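# When you get a sec, could you give me coordinates for this:
(one chain, ligands or ions: 1)
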Amino acid sequence: MAAADANAASLHTLAWSPFGRAEIGWETYVPLVSREIRTACPPASPGFAAALAAWEEAQRLPSDGVFGDSDFQRLKGVMETRRPFVQLVARRICPDAPSINRLELSRPGEGYGGKQILLRPAAFDAWRRMAAAARADDPRIAADPRNLTIFSGYRNPDADAARCNAEGNCQGVVRAACSAHRTGLAVDMYVGQAPGYGPDSSADANRLYMSWTPTYRWLVANADRFGFVPYPFEPWHWEWTGEQP
Ligand SMILES: [Zn+2]
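Residues are numbered from 1 along each chain as shown. Modelled structure (predicted):
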């Protein structure tokens, strides 16, 4: 019970910097954490604390069932092992972008706001099967045609670098140096947006809102069946793992 009480308190008060930027609380990450530790119990419950303690033990971490930064850093590391692109970048390898004639153009209605999207054909196939399954599973997802539409797929590395320089927004140089979007395997999907924010705003309030949407929750529970893995900081960014970057 003590662990559950500690989690109940920290859920909205933990002061930490899980991605190098100060945040308060860990509610945004509850869907991913719950999925990883295999519990459907709410984060302030004894059941959650017990599942977390079991996961901590399996990970050879201090198994007190109290969520903290060390748990999240381990979870991040585990999730990164499932992203082939990140594994390459960790070895200081930036994969070449595929030639444009190996990419497929979106069909009408697939890009957010009518945007045209390029992806590798097999990634598009997997995304189409996933989006169809999500809409069939949950009428709340089907009710808004924006859900799961793609607002960014393949991005030309040269254009990305130019935009980074022009806007002075290089996402910590990641966008300029080597973005997952160069592979034609990464998709940014509409999962909802908090009032006043856009679908790709990384403002904490927006990411928290996204963490509660049926679309995001469905993705966390099901996307791996279709070969898609998440980037925990951006609820909209998923990478398809069916081909090597
Ligand atoms: Zn992205």
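# Off-centre distance for stretch 183-199?
10 Å (C-alpha atoms, centre = their mean, to the nearest Å).
# So for it, what gets flagged as buried?
Across stretch 183-199, burial judged by 16 or more other C-beta atoms under 10 Å covers 183-194, 197, 199. Heads up, the C-betas are built off the backbone N, CA and C, glycines and all.
# Any part of that stretch near the ion?
Yes - applying C-beta under 5 Å from the ion, one finds stretch 183-199 in contact with the ion at residue 188.
# repeat for stretch 132-150
No - shown here: stretch 132-150 not in contact with the ion (C-beta under 5 Å from the ion), separated by at least 9.9 Å.
# Quick check, the residue in the chain closest to the ion?
Across the chain, no residue is closer to the ion than residue 237, which sits at 3.6 Å (C-beta to the ion).
# Just say helix, strand or coil for that residue.
strand (DSSP: H, G, I helix; E, B strand; the rest coil).
# From what I see, it and residue 185 are in contact.
No - the pair residue 237 / residue 185 is not scored as a contact, 11.5 Å apart, by C-beta atoms under 8 Å.
# Report the next helix or strand after the longest helix that the chain contains in sequence order.
The longest helix of the chain (DSSP state H) is helix 121-137. Using DSSP states H and E, the helix or strand that follows helix 121-137 towards the C-terminus is helix 139-142.
# residues near residue 141, how many?
Per other C-beta atoms under 10 Å, the neighbour tally for residue 141 reads 23.
# Now for the protein, the helix or strand with the poorest mean pLDDT.
The weakest-scoring helix or strand in the chain, judged by mean pLDDT, DSSP states H and E, is helix 174-177 (a mean of 58).
# same question for the helix or strand following that helix, mean pLDDT?
Using DSSP H and E, the next helix or strand after helix 174-177 towards the C-terminus is strand 186-189. Average pLDDT, strand 186-189: 98.
# And the helix or strand following strand 186-189, what does it pack against?
Following strand 186-189 in sequence order, the next helix or strand is helix 204-211 (DSSP H and E). Secondary-structure packing of helix 204-211 (3 or more C-beta pairs under 8 Å, 6 or more residues apart in numbering; DSSP states H and E): strand 234-240.
# who does the strand it packs on pair up with?
strand 186-189 (antiparallel), strand 228-231 (antiparallel) (DSSP bridges).
# Let's test this: mean pLDDT of the last one, rounded?
Okay, so that is strand 228-231. According to the model, strand 228-231 has a mean pLDDT of 98.
# what's near enough to touch residue 204?
23, 24, 28 (C-beta atoms under 8 Å, 6 or more residues apart in numbering).
# do the same with residue 211
Neighbours of residue 211 in contact, by C-beta under 8 Å, 6+ apart: 27, 28, 29, 30, 31, 217, 235.
# Let's see that with 7 Å instead.
Taking C-beta atoms under 7 Å, 6 or more residues apart in numbering as the criterion, residue 211 is in contact with 27, 28, 30, 31, 235.
# so which strand or helix has the third one?
Remark: residue 30 resides in helix 30-37, with elements defined by DSSP H and E.
# What residues of the helix or strand that comes right after that helix count as buried?
Heading C-terminal from helix 30-37, the first helix or strand you meet, by DSSP H and E, is helix 46-58. By neighbour count on 16+ other C-beta under 10 Å, the buried set for helix 46-58 is 48, 49, 50, 51, 52, 53, 55, 56.
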